[in-house]
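Asker: Kindly return the folded structure for what I paste below:
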Amino acid sequence: MEASMKFVFVLGVLLLVGLAGVNGAGSACGKASPDDEAMKLAPCASAAQDDKASVPESCCAQVKRMGKNPSCLCAVMLSDTAKSSGIKVETAMTIPKRCGFADRPVGYKCGGYTLP
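Answerer: Take a look at the predicted model:
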């Protein structure tokens, strides 16, 4: 009986810890989902589809903000929202360089892509 009570107690603790981790984990972008963050990159739409298109200042500002957390920027570029908007991920990955950010995370691996 005592062993089964310990098992139930341990199971309960593990369940609570697991639930706390799921609720408190957020995402690569903190409390915001990558899909929500992707909506903020609307000014980058043409630059993310055509590597010859100029990158608007408003796009660079958002990318600079997100780029402080490369895992967030990566998650945004690979998000369902970004994919459904028709961006070319390999082109989107060039935006930090095209914005002229010297402090961009060069060589950062993002899915099957690498930031130039």
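
Asker: For the rest of this, base every contact and every neighbour count on C-alpha atoms.
Answerer: Will do.

Asker: quick one: contacts for Gly107?
Answerer: Taking C-alpha atoms under 8 Å, 6 or more residues apart in numbering, we find Gly107 in contact with Thr114, Leu115, Pro116.

Asker: with the residues you listed in mind, which one is nearest to Val63?
Answerer: Comparing the contacts of Gly107 against Val63 with C-alpha to C-alpha places Leu115 closest, at 12.8 Å.

Asker: Pretty sure that closest one sits against Ile95.
Answerer: No - look at Leu115 against Ile95 with C-alpha atoms under 8 Å: they stay out of range, at 9.2 Å.

Asker: where does the chain have low pLDDT?
Answerer: 1-26 (pLDDT under 70).

Asker: ranges for the helices of it?
Answerer: Ranges of helices in the chain, per DSSP state H, are 2-25, 34-39, 57-67, 70-77, 80-84, 89-92, 95-98.

Asker: thinking again about what came up before, taking the contacts of Gly107, please make a PyMOL selection of just the buried ones.
Answerer: A single PyMOL command selects the buried members of those (16 or more other C-alpha atoms under 10 Å):
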select buried, resi 115+116
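
Asker: So which bits of stretch 103-110 are buried?
Answerer: The neighbour-count check on stretch 103-110 (16+ other C-alpha under 10 Å) flags Arg104, Pro105, Cys110 as buried.

Asker: I meant to write stretch 97-104 there.
Answerer: Across stretch 97-104, burial judged by 16+ other C-alpha under 10 Å covers Lys97, Arg98, Cys99, Arg104.

Asker: Good, wrapping up.
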